[in-house]
Each structure stands twice: as C-alpha cells, then as structure tokens.
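# predicted model and sequence below, questions to follow.
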Number of protein chains: 2
Amino acid sequence: MDNRAKLLEQALYLFAQRGYDAIGVQEIVEQAGVTKPTLYHYFGSKRGLLEVLINERLQPLIDRLAQATSHANDVPASLAAIFQLYFDFAQAEPLLYRMQLAMWFSLPNNEAFQIVAVSSAQQQALLESFFVRASSFHGNMRGRQRVYAATLLGTINTYIGLCLSGAVQASPQIIHQAVQQFSYGIYS
Amino acid sequence: MDNRAKLLEQALYLFAQRGYDAIGVQEIVEQAGVTKPTLYHYFGSKRGLLEVLINERLQPLIDRLAQATSHANDVPASLAAIFQLYFDFAQAEPLLYRMQLAMWFSLPNNEAFQIVAVSSAQQQALLESFFVRASSFHGNMRGRQRVYAATLLGTINTYIGLCLSGAVQASPQIIHQAVQQFSYGIYS
DNA sequence: CTTTCTCTATACCGATAAGTATAGAGAAAG
DNA sequence: CTTTCTCTATACTTATCGGTATAGAGAAAG
C-alpha cells in the first residue's frame, strides 16, 4: 500500500473515531508512518484530504442510488432496493458511514459539514427526483418530495444506527420493517 | 444579565453554530465581553462549561419526559404526549436541541459526546422503562424496549430535524403523522 | 478602618494547531 | 553521465489551543 492510501486509511479511522476537528494533521501522518509534507503533497490541506476521502469512497453509494432511483414504476420495490443498498453500503464501509453521518449532523458552519454536504445534497436530489417520478403514479405525493426524501433518509439512518451500534442485526426482517415503517407515512 | 449567564448564552450560540471542538475558549469569552479567568472561575474548564449548559438547560426535557413515561395504560396517548413534548422543547430551545443532537451523533471518543451521553442515556432509560410497562398491556412488545426506544428517538429527531431546517412547519398534523409512522413499526 | 470574600483583568505558560521552505533521495528519460 | 520529475524528511513558521499565576477592584462583615 502506498503512502497516499495509508494516509486515507488512517485519516478515515481517526476521523471516524474522534471526529474531524479533534484530529490533528500530525497524528494522521504519525499513524500512517509518514511526515507532513507527504500529506500536503497528495492532498494540499487537511480539508483536501477529507474531500478526497468523501468523494472517492462515497461515490459507489451515489452511483447505486442513482440507479435505484432512476425509475419509479414500482414504488414499493424501489424503496426496498434503496433501503437494501444503504444497508449493504453501511455494512461494507461502517467507518465511512459513521463518519459521514456524524459530519452530516455537525453544524452548517463546521468545515466537515460543508464537505459532506455536497454528497448529501446529491443523495437528497436523487431521492427527490425519485419521488417526483413516483408522484406521476401516486398523485397524492405531489409537492412532498423534500419531506419524503428527508424522512426516508432519517428512517434509513435510524435503522443503520441501530445496526452499527450492535443493538440489532441487519436482516431481511429488519429491512422489511424499516421499509414498512417509512411507507406508512407515505400512502396517506 | 451577569457574566455567568452571558458566557452560557454565547457558548451555546457558538457551539450550536460550529461545534464544540471548533470553538476555542478565547472566542467564547470575547463574544461574552469578559476574559478567561472569569470563565474558569465559574466553570473550571471548557468541559465544565458544556456540562453546566447541558445539565441545566436540558433538565426540563428530562423532567417532562419522566412524567410522560411514568404510566403506560394508554400507549397511543402516551406516545402522542412524548412526541408533543419533544417538539415543544425543540421549538422553545432550537439552539440547544441542535447542539445536543450534533453532539449525540459525534463519535464515542469525542469529549462532547461523552457529556451529552449522560442525558441521552437518561432519555433512553426513561423510554425503555415506558416500553417495559407497555409490554404488560401489549405482550408482543416484550424484550424489544431497546429497539423501540432507539427508533422512537430516531423518528422524533427525523421530524424535528425537518422542522428545525424549516422544510416543514411543526403542526398537529406533522406530529400526528410522526406518531403514526412510528406506531406502525410497533403493533406488529 | 480592617479583614475577608467574590469576582475579574493582565500577562503569561507549555503544547499543539495547520502549513511551509529547503533540500535530498531515487527513478525515469535523454 | 546528466537532467528532470516525483516523492519525502528535517526543521521551521506563526497562530492558537486550554489553562493559570498574580494581583487588584469592590462589596460585605466585623
């Protein structure tokens, strides 16, 4: 593994454990076994390091979400696919998902928030466009895309948080329950 | 307003805006128009300041929650009361609620997390005891207190986040929808 | 008038923050 | 053999971090 990859790996581990603000550049390079100029050579700044981390590693989630939200002829099936996709990703990349979640809940004037806000906005936009499409099949959904997208992500994150904390095991039953719980707020 | 109150007010504003780690003691005392020894006289440390902020201002929420969860003969009514209580509190103290929420989603090794974890654990415990009581009326709930408490808080925070961001107005309809959505996952 | 106690300011502490100037090592290209 | 380019280390910068030693101001108590 080259130094660039080592830096990304250690940064993710440390950010996910103690938070972006609480981690110094010095600590990252020490854990990675390199020195500061190496980090600044590859990433330019601490912020640049986080940007690369987010953009590179979160891209697969965005891509799969774009695919799952591209059609809305069968809304329940698409919803199930979306939940499944998030669960899979969170299980494959627990550190990344925890970190991104923590940053998303940090405050708007926080540097880390602004960086994850980009990819969060992409997810939000994809979900909203899905609900816009869905409303051509379910007229009563019209105009509620934003609220639906937000509560969908909220429900997903509630259940993923439950799984990441070990309170429950991710299982088809849990995913089904999450889908059902979200759906209840929709078809009404 | 005395210096102690000024410090608490400014600390809350700054913490809620940019996060605990990102705010230095210097900035707090400057905004409050005092100097560092004053802060250290009243609170002993930056951590102590946050502890007072959390313990003093979040106590009303805990108290009302303790009352609302004390009996479970009418589960739907209690749930509605709990949602209402959280919405009221978040509307009365939006900065405090945002800050506490951000800290709760920060990571376990973070100092701010450890401080809010105390009151979060109290809320969790009260909700769990409520569901234990409720399971004497609804047998199929037995053993699921932890998951119920977590998803209840998750649902509440999803909707409160929606209101705090201005995406929707807090209204009896929204609260009713939140209660219904959560309830769906329960009586099954 | 003196003592005592609470509160606050000036000026400082060592540690660490992010970031950089300079130089050298090593491989690739001519 | 020399030049060039990529990468990395030593050593440094300035600014800020949380926290404090000391002293003084002002009110209360005797």
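That came in fine, so what should we check first? Residues are numbered from 1 along each chain as shown, chains lettered A, B, ... in the order given.
# what about A:Ile23, how many neighbours?
20 (other Cβ atoms under 10 Å in any protein chain shown). C-betas here are computed from N, CA, C, even on glycine.
# okay, now the unreliable bits of chain A?
Low-confidence segments of chain A, defined by pLDDT under 70: A:188.
# what ranges do the helices span in it?
A:3-18, A:25-32, A:36-43, A:46-68, A:75-92, A:94-105, A:111-134, A:145-164, A:172-184 (DSSP state H).
# TSV for those, including mean neighbour count?
As requested, those are exported to TSV (neighbours: other Cβ atoms under 10 Å in any protein chain shown):
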stretch	mean neighbour count
helix A:3-18	19
helix A:25-32	17
helix A:36-43	15
helix A:46-68	17
helix A:75-92	18
helix A:94-105	21
helix A:111-134	18
helix A:145-164	21
helix A:172-184	18
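# of all those, which lies closest to B:Ile115?
Within those, the stretch nearest B:Ile115 is helix A:3-18; the backing value is 14.5 Å (Cβ to Cβ).
# possible to save the helices of chain A as CSV with distance to DNA strand C?
Below are these laid out as CSV (distance: least, Cβ to the nearest atom of the strand, whole Å):
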stretch, distance to DNA strand C
helix A:3-18, 10
helix A:25-32, 4
helix A:36-43, 4
helix A:46-68, 4
helix A:75-92, 27
helix A:94-105, 15
helix A:111-134, 10
helix A:145-164, 26
helix A:172-184, 37
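# can you put those in CSV and add distance to B:Ala22?
Formatted as CSV, the helices of chain A follow (distance: least, Cβ to Cβ, whole Å):
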stretch, distance to B:Ala22
helix A:3-18, 14
helix A:25-32, 15
helix A:36-43, 20
helix A:46-68, 13
helix A:75-92, 26
helix A:94-105, 12
helix A:111-134, 7
helix A:145-164, 23
helix A:172-184, 33
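# now these as TSV including distance to chain B?
Formatted as TSV, the helices of chain A follow (distance: least, Cβ to the nearest Cβ, whole Å):
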stretch	distance to chain B
helix A:3-18	4
helix A:25-32	12
helix A:36-43	20
helix A:46-68	13
helix A:75-92	13
helix A:94-105	4
helix A:111-134	7
helix A:145-164	3
helix A:172-184	4
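# out of the ones you listed, which gets nearest to B:Tyr148?
The nearest among those, by Cβ to Cβ, is helix A:145-164 at 10.7 Å.
# ok, A:Leu79 - contacts?
A:Leu79 makes contact with A:Leu152, A:Val179, A:Phe182, A:Ser183, according to Cβ atoms under 8 Å, 6 or more residues apart in numbering or on different chains.
# go again with 10 Å.
A:Ala68, A:Ala72, A:Phe130, A:Ala134, A:Leu152, A:Ala178, A:Val179, A:Gln180, A:Phe182, A:Ser183, A:Ile186 (Cβ atoms under 10 Å, 6 or more residues apart in numbering or on different chains).
# also A:His176?
The contact partners of A:His176, by Cβ under 10 Å, 6+ apart, come to A:Ala80, A:Phe83.
# got it, and the one 10 residues further on?
The neighbourhood of A:Ile186, defined by Cβ under 10 Å, 6+ apart, consists of A:75-76, A:79, A:131, A:134, A:138, A:140-141, A:144, A:147-148, A:151-152, B:181.
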